[in-house]
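Visitor: Sequence plus the predicted model coming up.
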Amino acid sequence: MKEVLLVRHAKSSWAFPNLKDEERPLNKRGLRDAPIMASYCKMKKMNLSHLFSSTALRAFTTADFFQKEFEIKLSKETDLYFGDEGDWLHIINNLGDEVKFPAFFSHNPTITYFANLFNGEFIENVPTCGVIHLESTVDNWSEFHYDNTIIKNVYFPKTI
């Protein structure tokens, strides 16, 4: 069995309109929600092994709160910023055996589209700092696919 977390970045700031999209930081609410969600995932006994973040500052900062909570490796993945659902599945299908339970930090609308390709309840919108917990019946990442994976749970900051 394989498990994956999809995490939308926490709420970002629009206070600096001249910044490039990739450089936008988190706002006050984002800086509050990200550590709460990281702590909540740890409390739920999610044994994350690796963190992969979009190259955007807001996603990487969100992931950094999880890195501090879980004390595991955090790396950037360009396709989590620029890629589509097929690119994301490709990333998962090419994970190494050392990756046991990864979390991917990225953006809407792709994260919502991607989550809705798996079996489970339809998700209208993954809110900022929303967490989607996927569970697959497969033993190898190369076999992880939409038809053998379900949405096990969703966790949104406003509902925990």
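Guide: Looks like it arrived, so ask away. Numbers count the residues shown, from 1 in each chain.

Visitor: I'd like the distance between residue 30 and residue 157.
Guide: Residue 30 is 10 Å from residue 157, where distance means CB to CB, to the nearest Å. For glycine as for every other residue, the C-beta is placed from the backbone atoms N, C-alpha and C.

Visitor: which stretches of the chain form strands?
Guide: 2-8, 50-53, 73-76, 102-106, 131-136, 149-155 (DSSP state E).

Visitor: Pick the most deeply packed of those strands.
Guide: Of all the strands of the chain, strand 102-106 has the most neighbours on average by mean count of other CB atoms under 10 Å, namely a mean of 26.

Visitor: Reformat the strands of the chain as TSV; add mean pLDDT and distance to residue 21.
Guide: As requested, the strands of the chain are arranged in TSV below (pLDDT from 0 to 100; distance: least, CB to CB, whole Å):
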stretch	mean pLDDT	distance to residue 21
strand 2-8	98	15
strand 50-53	98	15
strand 73-76	96	16
strand 102-106	98	13
strand 131-136	98	23
strand 149-155	97	26
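
Visitor: Would you format those as TSV with distance to residue 65 included?
Guide: Formatted as TSV, those follow (distance: least, CB to CB, whole Å):
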stretch	distance to residue 65
strand 2-8	10
strand 50-53	10
strand 73-76	10
strand 102-106	10
strand 131-136	12
strand 149-155	14
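
Visitor: what comes into contact with stretch 134-142?
Guide: Residues from elsewhere that reach stretch 134-142, judged by CB atoms under 8 Å, 6 or more residues apart in numbering: 1-6, 92-96, 99, 115, 118, 143-145, 148-152.

Visitor: How about stretch 106-120?
Guide: Here stretch 106-120 has contacts from 6-9, 53-54, 56, 59, 80-81, 83-85, 88-89, 122-126, 132, 134, 146-147, 149-152, using CB under 8 Å, 6+ apart.

Visitor: who touches both of residue 30 and residue 157?
Guide: 128-129.

Visitor: Perfect, that will be all.
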